[in-house]
Each structure stands twice: as structure tokens, then as C-alpha cells.
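> Sequence first, predicted model second:
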Amino acid sequence: MSDRRHEWISKRAYAIWEEQGRPDGRDDEHWRQAVAERDALERTQASIDGREVLVKFRPKPPRPELPRQDWINPSTKVG
């Protein structure tokens, strides 16, 4: 982990701890939340002025499952 990344995560985990009222024994939870937030930030790239955000990783939306061509037997008559 780079020094800058570690420092950012450390400061963010501390801020989360303060936001939640400085609870005891939840440092691992705060650290994991800070890591998740940093990972999310690293998947995006914003312009300097903040007007444009380019997404490096965006999960593809699920494709609707199309019926198979053979699901209907044209030789079968109904009714």
C-alpha cells in the first residue's frame, strides 16, 4: 500500500470514528469502511474542476435472458 493511500485511509477511518461518536472496539470496521471508500474513489477519475467524472469501472447491467429459439415447437398445435 502506498504511503499516500495509507495516510488517506487512516485519516478517513479516524473521521468515521469521530462521526460515530468515538465508540470503542470498532476500529477494524472503520478501517474497512475507509478502504472501501478509497477503492470506490480509485475506480473513478474526476476532472480538476469536478465538473466531469469518468468512470473506470462500472458493472455491466444484467442482460435480460432471451428465450431460446427451440422453446416453442412449431409443429405442436394448441387447442
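Looks like it came in fine. Residues are numbered from 1 along each chain as shown.
> how much space between residue 35 and residue 10?
For residue 35, the distance to residue 10 (Cβ to Cβ, to the nearest Å) stands at 10 Å. Just so you know, the C-beta spots here come from the backbone N, C-alpha and C atoms, and that holds for glycine as well.
> Looking at those two, which has the bigger crowd around it?
Per other Cβ atoms under 10 Å, whichever of residue 35 and residue 10 has more neighbours is residue 35, with 16 against 12.
> Helix, strand, or coil at that one?
Assigned state for residue 35: helix (three-state reduction, DSSP: H, G, I helix; E, B strand; the rest coil).
> which residue ranges form the strands in the chain?
Along the chain, counting by DSSP state E, strands occupy 44-46, 53-55.
> In terms of mean pLDDT, which of those ranks lowest?
Mean pLDDT per stretch puts strand 53-55 lowest among the strands of the chain, at a mean of 60.
> Report the buried residues of stretch 8-18.
8-9, 12-13, 16-17 (16 or more other Cβ atoms under 10 Å).
> Okay, helices next: where are they in the protein?
3-19, 27-42 (DSSP state H).
> could I get those helices as CSV with mean pLDDT?
Listed next are these as CSV, based on pLDDT from 0 to 100:
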stretch, mean pLDDT
helix 3-19, 94
helix 27-42, 91
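> Could you measure from residue 1 over to residue 18?
Where residue 18 is concerned, residue 1 sits at a distance of 23 Å (Cβ to Cβ).
> should've said residue 41
20 Å.
> What of residue 7?
17 Å.
> how many other residues sit next to residue 5?
13.
> Test my guess that it contacts residue 39.
No - using Cβ atoms under 8 Å, residue 5 makes no contact with residue 39, being 9.9 Å away.
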